[in-house]
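Pasting the sequence and the predicted coordinates here, then a few questions.
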Amino acid sequence: MGFIEKLIAPVSKIVGKFVKDKDLAQTLQAELNVEILGLVGKELDAQKSIILAEANGGWLQRNWRPLMMVFFATLIGAHWFGFTPENLTETQIADLYELVKIGIGGYVVGRTVEKVAPSIIARKG
């Protein structure tokens with residue numbers, strides 16, 4: 001929710017700066033907050049539909065990201081054991097390492113959401 005708060009805070013300042021009637025300012029702020037949260041909800045729905053489309057697709061469509069991570073991790077492992085291709089620079093190796101770190105972080109977050117989401121959905125239903 002941090003990014004939503006970062007978005008709402010500047011809007012609150014603008015409303016407070018230009019609207020002198022406190023009741024009107026609070027009403028406008030509440031309406032703006034509802035609109036912002038609605039937009040965030042639409043963005044999350046769009047992301048969800050992309051994930052569902054990939055999950056319901058074919059084997060390669062579901063597994064291309066993990067395959068890429070295995071490939072990048074293998075390149076890094078090969079480098080550690082001294083089997084780096086001659087045309088792979090240290091900068092490229094550092095970039096691969098960053099990709100693997102981001103991918104592992106995304107995997108951990110994704111698995112956490114995958115495990116927690118059913119209980120959240122059950123509470124809403």
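That came through fine.

which regions of the protein sit below the pLDDT cut-off?
Counting by pLDDT under 70, the chain shows low-confidence ranges at 1-3, 5, 111, 124-125.

Can you give me the first-to-last residue distance of stretch 46-66?
Counting by Cα to Cα, to the nearest Å, you get 22 Å between the two ends of stretch 46-66.

How far away from the center of its chain is that stretch?
Put simply, stretch 46-66 sits 15 Å off its chain's centre (Cα atoms, centre = their mean, to the nearest Å).

which other residues reach that stretch?
Identification of contacts with stretch 46-66 by Cβ atoms under 8 Å, 6 or more residues apart in numbering yields 103, 107. (C-beta placed from N, C-alpha, C; glycine too.)

now do 10 Å
67, 70, 103, 106-107, 110, 113-114, 117 (Cβ atoms under 10 Å, 6 or more residues apart in numbering).

which of these tops the neighbour count?
residue 103 (17 neighbours; other Cβ atoms under 10 Å).

Helix or strand for the residue lying closest to it once chain neighbours are set aside, just tell me which one.
Spatial nearest neighbour of residue 103, excluding adjacent residues (Cβ to Cβ, 6 or more residues apart in numbering): residue 69 at 4.4 Å. Taking DSSP states H and E as the definition, residue 69 sits inside helix 59-80.

Check residue 8 too.
Residue 8 belongs to helix 2-18, assigned by DSSP H and E.

quick revisit: now do the same contact list for the residue nearest to residue 103.
Contact analysis of residue 69 by Cβ under 10 Å, 6+ apart lists 99-100, 102-104, 106-107.

Make JSON lines from these and add secondary structure and distance to residue 24 to it.
Shown next, in JSON lines, are the contacts of residue 69 (DSSP: H, G, I helix; E, B strand; the rest coil; distance: Cβ to Cβ, whole Å):
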{"residue": "99", "secondary structure": "helix", "distance to residue 24": "50"}
{"residue": "100", "secondary structure": "helix", "distance to residue 24": "52"}
{"residue": "102", "secondary structure": "helix", "distance to residue 24": "45"}
{"residue": "103", "secondary structure": "helix", "distance to residue 24": "49"}
{"residue": "104", "secondary structure": "helix", "distance to residue 24": "49"}
{"residue": "106", "secondary structure": "helix", "distance to residue 24": "43"}
{"residue": "107", "secondary structure": "helix", "distance to residue 24": "48"}
